[in-house]
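Trainee: Sequence and predicted structure, then a few things I'm wondering about:
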Amino acid sequence: MADLSSLAASHLATAKAESNGRSAELILHDGVLRQSILALREGVELAEHNSPDAASIQVLLGRVRVTGLDTAEIGAGELDVLTHKRHAVLALADSVFLLTTVTSVGQGDGPQRAR
């Protein structure tokens, strides 16, 4: 079992110390399901990239902006589905987030959010 609080603190400390301002680790891999923890120092951006078939982002600490989402900014404690379009992630503050991805499945009708 992963302790997300400890992982978040550890990865944020690493991101602050690294010249590129980031830290990441794959923490769960089960078939097509992957969960990774990523930490970004304030102002650091993950450059525009393709999205997997299905993905969500849950911010554990800080605040990020994801291009291509209806929601421009996502803060600590918030969860959102990621776009199927190319997107980038910018840390608006020192941030840590959990990225959940599912690969090798069809995109179907697109992302759905619980209401």
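Mentor: It's in.
Trainee: Pull the contacting residues for the most centrally placed residue in the chain.
Mentor: The centre of the chain sits closest to Leu99, judged by CA atoms, centre = their mean, with a distance of 3.8 Å. Applying CB atoms under 8 Å, 6 or more residues apart in numbering, we find Leu99 in contact with Gln35, Ser36, Ile37, Leu38, Ala55, Ser56, Ile57. From N, CA and C alone the C-beta is placed, and that goes for glycine too.
Trainee: Please pick the buried ones from these.
Mentor: Gln35, Ile37, Leu38, Ala55, Ser56, Ile57 (16 or more other CB atoms under 10 Å).
Trainee: Could you say which helix or strand holds the third one?
Mentor: By that I understand Leu38. Using DSSP states H and E, Leu38 maps to strand 33-40.
Trainee: Which elements pack onto that strand?
Mentor: Under the contact criterion of 3 or more CB pairs under 8 Å, 6 or more residues apart in numbering; DSSP states H and E, strand 33-40 touches helix 4-17, strand 22-30, strand 95-102.
Trainee: Helix or strand with the lowest mean pLDDT in this protein?
Mentor: Ranked by mean pLDDT, DSSP states H and E, the helix or strand of the chain with the weakest confidence is strand 45-49, at a mean of 87.
Trainee: so the helix or strand following that one versus helix 4-17, what angle?
Mentor: Counting by DSSP H and E, the next helix or strand C-terminal to strand 45-49 is strand 54-61. Per axes from the mean of the first three to the mean of the last three CA atoms, to 10 degrees, the angle that strand 54-61 makes with helix 4-17 is 80 degrees.
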